[in-house]
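S.K.: Sequence and predicted structure are below.
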Amino acid sequence: MSGTSMDGLDIALCRFSGHGAKTTLTLEKFDTIAFGDDIKDEIRRVFAKKEIDFQHLCLLNPWVGNLHGKLVLDCLKKWQIDPQDIDVVASHGQTVFHAPKILHRLDKYPNATLQIGDGDHIAVTTGIITLSDFRQKHCAAGGEGAPLAVYGDYFIFSKKDENRIMLNMGGIANFTYLPGSLNAQEVFVTDTGPGNTLIDAFMRKFFNLPYDQDGKVALSGHVNQSLLVALKKDAFFKGPFPKTTGPELFSLEYVRIAQQRSNTTSLSPEDLVATLTQFSAETIAEAILKVCQKDQEYHLYLSGGGMHNPALIKALRKLLPDFPMDATDSLGISGDAKEAVLFAILANETLCGNNLDFGTREGVPSVSMGKISFPN
């Protein structure tokens, strides 16, 4: 799994038995292989941009596939595991553009999303059967191609008589609601808006750093309320759930416009990062509160890079004082590994599962996902 933050490739080695609600999963190994600036720069040439060098996109598709395949082999060698002992690789690929109807607003076109890192190249490079391109079936069945976490969350993390909110804070933040009733048709999933994407973008711009380590920059600044109000005025936040978004909307330009409207263009970098951190926290909390009932109790489980940001977590705890919060580590799956693990679950369902009925709820089509590539 490589997400919109593009900080590296998460590689999880998972052992399965069963499928569906009877899935048993053990996370055997996990590592994140950090991307150097050279790799990030190649992807950023096409990432979340409407106008690109089309040849470069065409070249990146196999290039990223070969790269991911090599990194898988490097990990297996480090773990002293023979590639022949691996049944399948489940590859999310690298998202380069996400275009649900809520963003593109072109009536005649459907929801769309594009991930590169061709599965055939991964299969040939590793010699392992590869499942990839999971999001296209979701779009074809009427979904937005995201978030896909709902499927794995339901199979692995549901618990009878405990309402759970599985909050993932990657570049974009999303959460899955898992009812204590275990009723798949009540499962709910949505993006909430930015997680780390804007914070990371301005850390690169002002400090030449990939992210706000330990939330130090945000904690040293002050939240500007005028800018915060302007940032929250976008129509995305008024739209009905479920919905998805990406850096295509939440970009440097998005913040520039909000600063102009709020007369905050002279804000210090520290205050800007503090405000963007509060922006993420408030939009996450407000989205969660919209779907929670006051007479019910909910336990919040965290994953993704944002769970390591003390400034973001401090703000969330203040905004959601009645919600117990723990990392998914407390459930046996590392919060850092969770997204990669979820794609392994999707692959297991495609290979071994039966269709599970998630009902007719928008955003959760009852489909199997992933295209199969053979190494020979």
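M.R.: Good, I have the coordinates. Keep in mind that what you see is a predicted model, and the values were worked out from it rather than measured.
S.K.: Report the buried residues of stretch 267-283.
M.R.: 267, 270-283 (16 or more other CB atoms under 10 Å). The C-beta positions use only the backbone N, C-alpha and C, and glycine is treated the same way.
S.K.: do you know how far residue 101 is from residue 113?
M.R.: Residue 101 is 12 Å from residue 113, where distance means CB to CB, to the nearest Å.
S.K.: and for the two, which residues touch both?
M.R.: Shared contacts of residue 101 and residue 113 (CB atoms under 8 Å, 6 or more residues apart in numbering): residue 144.
S.K.: hmm, back to that, show me which of the buried residues of stretch 267-283 is closest to residue 240.
M.R.: Nearest to residue 240 among the buried residues of stretch 267-283: residue 283, at 15.2 Å, using CB to CB.
S.K.: What's the local residue count around the residue lying closest to the closest one once chain neighbours are set aside?
M.R.: Distance criterion CB to CB, 6 or more residues apart in numbering; nearest residue to residue 283, sequence neighbours excluded, is residue 193 at 4.0 Å. Burial of residue 193 is recorded as 25 neighbouring residues (other CB atoms under 10 Å).
S.K.: Just give the number of residues close to residue 83.
M.R.: By other CB under 10 Å, the residues close to residue 83 number 14.
S.K.: hang on, residue 239 packs against residue 103?
M.R.: No - applying CB atoms under 8 Å as the test, residue 239 and residue 103 come out as separate, 10.3 Å apart.
S.K.: How about the contacts made by residue 45?
M.R.: Contacts of residue 45 (CB under 8 Å, 6+ apart): 52, 53, 56.
S.K.: Which ones among those map onto helices?
M.R.: Judged by DSSP state H, those include residue 56 as members of helices.
S.K.: Next, count neighbours for residue 265.
M.R.: Residues contacting residue 265 under the criterion other CB under 10 Å number 9.
S.K.: Do you know the pLDDT at it?
M.R.: Listed pLDDT for residue 265 reads 97.
S.K.: and if you look at residue 38?
M.R.: So residue 38 comes in at 95 (pLDDT).
S.K.: A strand includes it, no?
M.R.: No - counting by DSSP: H, G, I helix; E, B strand; the rest coil, residue 38 falls outside a strand, being helix.
S.K.: What's the local residue count around it?
M.R.: Neighbour count of residue 38, defined by other CB under 10 Å: 7.
S.K.: hmm, back to that, between residue 239 and residue 103, who's got more neighbours?
M.R.: Ranked by neighbour count (other CB under 10 Å), residue 239 and residue 103 place residue 103 first, with 18 against 12.
S.K.: Next, that one: secondary structure please.
M.R.: The three-state label given to residue 103 by three-state DSSP is helix.
S.K.: which residues touch it?
M.R.: Contacts for residue 103 were tallied using CB under 8 Å, 6+ apart; they are 245, 246, 248, 249.
S.K.: what's the neighbour count on the third one?
M.R.: Neighbour count for residue 248, taken as other CB under 10 Å: 18.
S.K.: picking up where we left off before, in terms of packing, which of residue 101 and residue 113 has more residues around it?
M.R.: Set side by side, residue 101 and residue 113 show more neighbours around residue 113, with 20 against 14, by other CB under 10 Å.
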